[in-house]
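Enquirer: give the three-dimensional model of this entry:
(4 chains)
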4 protein chains.
Amino acid sequence: MITAEQARKIIAAGEARATEIGVPVNIAVLDAGVNLKAFGRMDGALLGSIDIALGKARTAALFGMPTEAIGEFSKPGGTSPGLEQTNGGLVVFAGGLPLRDASGILIGAVGISGGAVAQDLDIAQAAAAALGN
Amino acid sequence: MITAEQARKIIAAGEARATEIGVPVNIAVLDAGVNLKAFGRMDGALLGSIDIALGKARTAALFGMPTEAIGEFSKPGGTSPGLEQTNGGLVVFAGGLPLRDASGILIGAVGISGGAVAQDLDIAQAAAAALGN
Amino acid sequence: MITAEQARKIIAAGEARATEIGVPVNIAVLDAGVNLKAFGRMDGALLGSIDIALGKARTAALFGMPTEAIGEFSKPGGTSPGLEQTNGGLVVFAGGLPLRDASGILIGAVGISGGAVAQDLDIAQAAAAALGN
Amino acid sequence: MITAEQARKIIAAGEARATEIGVPVNIAVLDAGVNLKAFGRMDGALLGSIDIALGKARTAALFGMPTEAIGEFSKPGGTSPGLEQTNGGLVVFAGGLPLRDASGILIGAVGISGGAVAQDLDIAQAAAAALGN
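Expert: This is a model prediction of the structure:
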């Protein structure tokens, strides 16, 4: 189970990277049961990205995969058309990553939104790396 | 009308096949009135697949067809574009099968989710076969 | 984390007690993250009780308390008027119980619906007792 | 407009007070536009209180009043029966407080949930005091 201390470090690492590349973002951290653990909106981050950050974290926690992997399954010609409509709606572009402990157990997920998709993913990777494993 | 005893056998057969191929899944059984009869989440099955298993069983029960048959109707160029948006959202990839009694009467449906689509279908077929007709 | 094996035993114990007192019920088991683990509807159980059993289990899992304890908080003159409207709607009469492991850790919840409230609670207690601690 | 730095201080002050009185809580901070700014769930806080903390902050931000003041208007015999059903549902017991800057301008709200109502209010007051005005 992800701790409040871990969630704080993840958000701080994400914010540090976002500041470095000059993109204010929203950062959501969920636990392995897909329940909200922590959230932070940087000053200047888009309001429309609040829901997207939460949705990316939710998608990554539900499936234990990066959000864009779900996008591969659900895209035209993919194995699971309409997958993105399940679970009340998923977010299937990059910026959501599963969080695992040192033994590989899923402990939650982080979702980033506010920049270009590649920037969101970059920040998500920096945030997830704060777990140090 | 599907019985609790039949639902239990269907779930047990699905779990046995899922264990055999090493894929933990969610298994939902609905009756012919499209109401939940039984459900089981195997240890390790994805949380995001709970809703999909329920959705596959619901889709198959609503139309008395395998879920992927509905996908044929609703795909680009199919006869019924947008069909997958009806009924509050359908799941139109494989893994949901109608359940029929020995005389062919629809008694419900089973939905499987957690593996690759082909695996889910394989497990759904094993589950449905538990009816023994 | 509650296991599939534990969930099966809980449902079986609930069904045994329900049969003993002659009341077909719906039984829902959720994990500590408030996600569906297993469900069973006995033959003859009311369809309207499916949602109530799920709602009782959800309420007990969300708060780690029997559902009727939440009812005490939310009743007229209670400390938290309208509490039952939070979380998308709670079920605040008896029949939902938290499930704890031998060391007292919350591992999920069981919800029973189909009989009179006192019967549902009786069956929920029998179901929860299957954990053997 | 509330800043990320202010939100962090508010949450830290709330957590410090919650730790002091031994009650793990959820803390939500919204801005004056009623949009989520920051959130933290302390380890051990009830999952059912996530939605309540968010709802208290939302209610206090929507009306610029403590949540229990809205409860006075909406209670039986109050001036505005049913008020608590507006805005998609309000939370009308104590634990949500408006946040104002030094000149009294509304800049957001904080919502606390996880303890008894009096404890939640106590923690909310400690959290709001972190603004230092």
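
Enquirer: and chain A, which residues reach chain B?
Expert: Residues of chain A lying close to chain B (Cβ under 8 Å from any Cβ of the partner chain) are A:33-34, A:59, A:61-64, A:76, A:79-83, A:85-88, A:90. (Each C-beta comes from the backbone N, C-alpha and C, glycine too.)

Enquirer: so how do I select the buried members of those in PyMOL?
Expert: Per 16 or more other Cβ atoms under 10 Å in any protein chain shown, the buried members of these correspond to this PyMOL selection:
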select buried, chain A and resi 33+34+59+61+62+63+64+80+81+82+83+85+86+87+90
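
Enquirer: residue contacts, the residue nearest the centre of chain A?
Expert: The structure's chain A has its C-alpha centroid closest to A:Gly111; by Cα atoms, centre = their mean the separation is 1.8 Å. Applying Cβ atoms under 8 Å, 6 or more residues apart in numbering or on different chains, we find A:Gly111 in contact with A:27-28, A:30, A:52-60, A:67, A:91, A:95-96, A:124.

Enquirer: hmm, who's touching the one helix or strand A:Ile123 maps to?
Expert: Element membership of A:Ile123 [criterion: DSSP states H and E] is helix A:117-129. Outside of helix A:117-129, the residues that reach it under the criterion Cβ under 8 Å, 6+ apart are A:10-11, A:13-14, A:16-18, A:21, A:23, A:25, A:27, A:56, A:68, A:93-97, A:99, A:110-115.

Enquirer: please repeat the previous calculation with a cut-off of 7 Å.
Expert: Where contact means Cβ atoms under 7 Å, 6 or more residues apart in numbering or on different chains, the residues beyond helix A:117-129 that reach it are A:10, A:13-14, A:17-18, A:21, A:23, A:25, A:27, A:93-97, A:99, A:110, A:112-114.

Enquirer: quick one on the thing from earlier: helix/strand/coil for the residue nearest to the centre of chain A?
Expert: At A:Gly111, secondary structure determined by DSSP: H, G, I helix; E, B strand; the rest coil is strand.

Enquirer: can you tell me how far it is from A:Ala124?
Expert: 7 Å (Cβ to Cβ, to the nearest Å).

Enquirer: next one: A:Ala57
Expert: The span separating A:Ala57 from A:Ala124 equals 9 Å under the rule Cβ to Cβ.

Enquirer: give me the more crowded residue out of those two.
Expert: Set side by side, A:Ala57 and A:Ala124 show more neighbours around A:Ala57, with 34 against 30, by other Cβ atoms under 10 Å in any protein chain shown.

Enquirer: so who does the more buried one touch?
Expert: The contact partners of A:Ala57, by Cβ under 7 Å, 6+ apart, come to A:Ala28, A:Val29, A:Leu30, A:Gly96, A:Ala109, A:Val110, A:Gly111.

Enquirer: let's see the helix or strand containing the third one as PDB, backbone CA atoms only.
Expert: So that's A:Leu30. With elements delineated by DSSP H and E, A:Leu30 resides in strand A:26-31, which encompasses its position. As requested, the backbone C-alpha atoms of strand A:26-31 are provided in PDB (Å, rounded to 0.1, in the frame of the first residue of the first chain):
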ATOM      1  CA  ASN A  26      -1.700  18.500 -12.300                       C
ATOM      2  CA  ILE A  27      -0.400  15.400 -10.500                       C
ATOM      3  CA  ALA A  28      -2.600  12.700  -9.100                       C
ATOM      4  CA  VAL A  29      -1.500   9.700  -7.000                       C
ATOM      5  CA  LEU A  30      -3.900   6.700  -6.400                       C
ATOM      6  CA  ASP A  31      -3.400   3.600  -4.300                       C
END
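
Enquirer: can you verify my assumption that A:Ile10 contacts A:Val29?
Expert: Yes. In this structure, A:Ile10 is within contact of A:Val29 by Cβ atoms under 7 Å, at 5.5 Å.

Enquirer: those two: which is more packed in?
Expert: For the pair A:Ile10 and A:Val29, the greater number of neighbours falls to A:Val29 (31 against 27), based on other Cβ under 10 Å.

Enquirer: any idea how far that one is from chain C?
Expert: For A:Val29, the distance to chain C equals 15 Å [Cβ to the nearest Cβ, to the nearest Å].

Enquirer: cool, and A:Ser113?
Expert: Taken as Cβ to the nearest Cβ, the spacing of A:Ser113 relative to chain C amounts to 23 Å.

Enquirer: next: A:Leu99.
Expert: Where chain C is concerned, A:Leu99 sits at a distance of 15 Å (Cβ to the nearest Cβ).

Enquirer: quick revisit: can you say which of the contacts of A:Ala57 are buried?
Expert: When the contacts of A:Ala57 are checked for burial by 16+ other Cβ under 10 Å, the buried set is A:Ala28, A:Val29, A:Leu30, A:Gly96, A:Ala109, A:Val110, A:Gly111.

Enquirer: and the closest residue to A:Ala130 other than its chain neighbours, how many neighbours?
Expert: Closest residue to A:Ala130 apart from its sequence neighbours, by Cβ to Cβ, 6 or more residues apart in numbering or on different chains: A:Ala13 at 3.6 Å. Counted by other Cβ under 10 Å, the residues lying close to A:Ala13 total 21.

Enquirer: residues touching A:Ala13, list them.
Expert: Residues in contact with A:Ala13 (Cβ under 7 Å, 6+ apart) are A:Ala126, A:Ala127, A:Ala129, A:Ala130.

Enquirer: I figured the last one hits A:Ala7, correct?
Expert: Read it as A:Ala130. No. Shown here, A:Ala130 and A:Ala7 do not form a contact pair, counting by Cβ under 7 Å, at 9.6 Å.
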